[in-house]
Each structure stands twice: as C-alpha cells, then as structure tokens.
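Engineer: generate a structure from the sequence data that follows.
(one chain, ligands or ions: 1)
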Amino acid sequence: MSLRAIKYHTGHLEVLDQLQIPYVETYNQVRSAEDAWHAIKEMRVRGAPAIAIVAALSLAVELHDLMQRGKLSSAAEEVEVYIEEKLNYLVSSRPTAVNLSDAASKLRNLVRARIQLIGTTGEEVARDIIQAAEQMLLDDVEDNRSIGHFGAKWIKENTPLAQAGKKGAVLTHCNTGSLATAGYGTALGVIRSLYENDDLEHAYCTETRPYNQGSRLTAFELVHDKIPATLITDSMAAALLARKSANVSAIVVGADRVAANGDTANKIGTYALAVLAKYHGVKFLVAAPRTTIDLNTKSGEEIIIEERPKSEVTKIRGPREGGDGTGALCMETINVAANGIDVWNPAFDVTPASLIDGIITEVGVAEKDENGAFHLEPLFERRLVLGGFGLFDGCEECFDLLFEAGEVVLKG
Ligand code: MRU
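Structural biologist: Next up is the predicted model:
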C-alpha cells in the first residue's frame, strides 16, 4: 500500500479513504468543494495539514472543470463571490484545525488582491487559485522535511540520553505522518528524520482512542517504513515512561491549532501525555508547520473544540478476523459500551504552553524565554536565521550576503 493521502494533477484530485486503512486502499475522487467537505467531515481525510490542502485543491479542481466546460464567468467579481462562498462552506467542515481557515484566508486574500488590478478576468482569478492550491501541496512536503530536521536536531542536542551519546526512544500520539499531511509528516517526520540519521532507538505510538488514528494509521506508516516501533494503548503511556529500560527521551505530537501563547490543541489524549512527560522529566514537543500557528487566538481558552458523535466511542469498526470465509474482507461494526450510557466525545484537548518544551516548525524550534513564555511572532518575520529563528538585525547588504551564502532562510 502507498503512503499518499492525496493524489493530484491539475484538474484531478483523489483522496485515500482513511476509514478503510490499514485494511483496504481505496481512493475517492474529489470533483468539487462539496465532495471535499464530505470527505473531511466524514474523516475520510484527516490531519490538520491534509484537510487544508484537500479543501484548497478541491476548489482548484472545481474551477478547472468550470473553465474546461466554458462555464466560468468572465467577470472577476462573479468568480470572487463564487470562491468566497465555497471557501466559507469548506471551512465549516471541521472547526478546530486552523490550517483549513488559514488556507481559506490566504486564497481569499489572493483573490481580493487580484481583482484590484483593472481588467482582471474571471479566468485569471481562477488560475491564481489553482496555482496557489498546487503550491500549498508542494510546500507542505518541503516544510515537513524541515520540521523533521529541526526536531531531530533539537532532540539530539537537548535530551540527556542523546547528550550522553546514546539513542533514545520517542513516543507519539495520533497520526501526524504522510497520511495526515501532503507527505513525510510533522511529529512522525521528526521520528523519520531521527531514524534516517540512526539516532532513534525505538518509536512508540499510542492507539489514540476513540478513532484509533495511532493503531490504524501511525502504526501502518511505521511498519511501512520498517522503523522499530511498538503500539501501546493510551492508558499504558504512564507505565511506559516509568519503565527505565524503555529509554523514552521525548514525546512528540502534532497540532491542530497553536495559540499565540503556545497553548496547543491536538488530538484528545495529548494533554494527558504532556502531564505525564512533566512528571517523568521527559521532553514534550509539538511539531507543526506555521500554518498551524494562530496568532489571532490568544490562548487555548479561545479554541473551539469539536465534539463528535457518541457512536465513535461506543462502537468500533474493522474487518472480522478470518474474513468471510472466501478470502474477502468482511467489515463489521462492534458495540463496545453498555447500551444507554451517556458519552462525551471531544475530538481534541488543549495542552497548556507551560507543559511544552518546544514548538518545532519548518523554520526552527521555538522555546520559552526565562519567564516561561513563548514568543511565536518572530517565526513569521521574513528574516530568519537558519537553525534558530533569531532575527537578523544587521544591515541590508550584510543580510543579502548571508542570504546568498545560504545562511538565512527567507520565509513568511
Ligand atoms: O481528528 P483528526 O484525525 O483529523 O486529528 C488529527 C490530529 O489531531 C493530528 O494529530 C493533528 O491534526 C496533527 S496532523 C499533522
């Protein structure tokens, strides 16, 4: 099976149906924003970066189709209204991951800027959107590789085991790999990078109840890449950290929204792991692209947490062991709770910044200052010094020389 959640070429988009993974590899064609809305809402596509990219590409595909059939209005203003409506609709699919609304506002701003130009046609507006959506797909993989690099480097430099010249184990939660992004992954990208550098003793992944993204998706990716790994249920994490021989030196998770103060919304169960990490003196890291950082949300208190259906807790779906006798998979739904019990099913929780040691982004790792506060704004400055994200405050010419020498990375 392949590790691609998104298959795209201009005018054609397919998404891997993650409800069937790891048992069956089925791709669903996405022809419109409406198809994407359903794929996201029904969890066939998931993971904060992946849902944002699929939403953007679905609009690109829809606009491309309208152009091909000669149905796109030539009036730029009409195309703008059409795009705005589609973006608002797409954003309504899931509320917690900010990447989706971030992608939508970037596309919205692009259209608004374009129609300021006198004589702009509807087709030019559509082409801008298609190009921007395609760029998001390309950028995500590149950003994830940088996240992997910075995260692995940080772990090597800041965890006692690595400082003693030994390899450590890393625990992760939910799925943050190729299937949750355009490729490589965020937290799982850090694990991949450690493994590629021969700096990883072992990876542990949680099952991630109730939706089992860990046992179904992360475990699948770890097995696929032949990374030495072990699956645990969520409730085993404390025992794992207490077990000295497990050598867990860091917990690395992804994020759905990082507030300006560093409070982080991620898959339910993340907060519990951060509390455990603090108790056991294990480093706790969040790995996420800057598209997941929401400077407009001041703290975790402002983050809307999606609540999902009871049935996700009371039932489990999977193939019957032994199949149906003919070799074909026989998918079944099993009840795992007492009939009539009330259920609370928040899809995410918020980990306070005080429990987070570092936020790994594609431009470096943000750490807290001596007062325990994160400062995430500099991550968005254009002049970032590679390897840290210290801002370059020298003269313009010096900056240009450093940039030419590859010493700085221009982002933002
Ligand atoms: O509900 P899901 O499956 O979309 O949740 C996914 C997560 O919470 C991930 O950990 C998060 O989006 C980070 S993805 C790189």
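Engineer: give me the element residue 261 is part of.
Structural biologist: Assigned by DSSP states H and E, residue 261 belongs to no helix or strand.
Engineer: how much space between it and the ligand?
Structural biologist: According to CB to the nearest ligand atom, to the nearest Å, residue 261 stands 19 Å off from the ligand. To be clear about C-beta, it is placed using only N, CA and C from the backbone, and glycine gets the same treatment.
Engineer: what's the burial count for that residue?
Structural biologist: A count of neighbours around residue 261, defined by other CB atoms under 10 Å, yields 19.
Engineer: residue 85 now?
Structural biologist: By other CB under 10 Å, the burial measure for residue 85, its neighbour count, is 11.
Engineer: that one is in what secondary structure piece?
Structural biologist: helix 76-91.
Engineer: how far out from the middle of the chain is that helix?
Structural biologist: Distance of helix 76-91 from the chain centroid (CA atoms, centre = their mean, to the nearest Å) equals 25 Å.
Engineer: helices and strands around that helix, which ones?
Structural biologist: Using 3 or more CB pairs under 8 Å, 6 or more residues apart in numbering; DSSP states H and E, the elements in contact with helix 76-91 are helix 33-41, helix 48-68, helix 98-115, helix 122-158.
Engineer: could you rerun that using 6 Å?
Structural biologist: helix 33-41, helix 98-115, helix 122-158 (3 or more CB pairs under 6 Å, 6 or more residues apart in numbering; DSSP states H and E).
Engineer: for it, what is the average pLDDT?
Structural biologist: The pLDDT scores in helix 76-91 average 97.
Engineer: and residue 28, what are its phi and psi?
Structural biologist: In terms of degrees, to the nearest 10, the main-chain angles of residue 28 are phi -100, psi 130.
Engineer: repeat that for the one 4 residues further on.
Structural biologist: For residue 32, the backbone dihedrals are phi -160, psi 170 (criterion: degrees, to the nearest 10).
Engineer: so what's residue 334 closest to, chain neighbours aside?
Structural biologist: residue 316 (5.1 Å; CB to CB, 6 or more residues apart in numbering).
Engineer: from the ligand, how far off is the one you found?
Structural biologist: Distance from residue 316 to the ligand, by CB to the nearest ligand atom: 16 Å.
Engineer: do residue 140 as well
Structural biologist: 10 Å.
Engineer: confidence score at that residue?
Structural biologist: 94.
Engineer: coming back round to it: now the helix holding residue 85 against helix 33-41, angle please.
Structural biologist: 20 degrees (axes from the mean of the first three to the mean of the last three CA atoms, to 10 degrees).
Engineer: in helix 76-91, what counts as buried?
Structural biologist: Neighbour counts over helix 76-91 (16 or more other CB atoms under 10 Å) mark 76, 79, 80, 82, 83, 86, 87, 89, 90, 91 as buried.
Engineer: could you do stretch 303-313 as well?
Structural biologist: Neighbour count says stretch 303-313 has 303, 305, 308, 312, 313 buried, by 16+ other CB under 10 Å.
Engineer: and if you look at stretch 101-115?
Structural biologist: Buried, per 16+ other CB under 10 Å, within stretch 101-115: 101, 102, 103, 104, 106, 107, 108, 110, 111, 114, 115.
Engineer: next up, the contacts around the residue in the chain positioned nearest to the ligand.
Structural biologist: With CB to the nearest ligand atom as the measure, residue 254 is the residue of the chain nearest to the ligand, at 2.8 Å. For residue 254, the contact set (CB atoms under 6 Å, 6 or more residues apart in numbering) comprises 176, 186, 187, 266.
Engineer: give the contact list for residue 58.
Structural biologist: Residue 58 neighbours (CB under 6 Å, 6+ apart): 30, 33, 36.
Engineer: picking up where we left off before, which ones among the buried residues of stretch 303-313 come in contact with the ligand?
Structural biologist: Counting by CB under 6 Å from any ligand atom, nothing from these sits close to the ligand.
Engineer: in helices, which of these fall?
Structural biologist: Counted as lying in helices by DSSP state H, out of the buried residues of stretch 303-313, are 312, 313.
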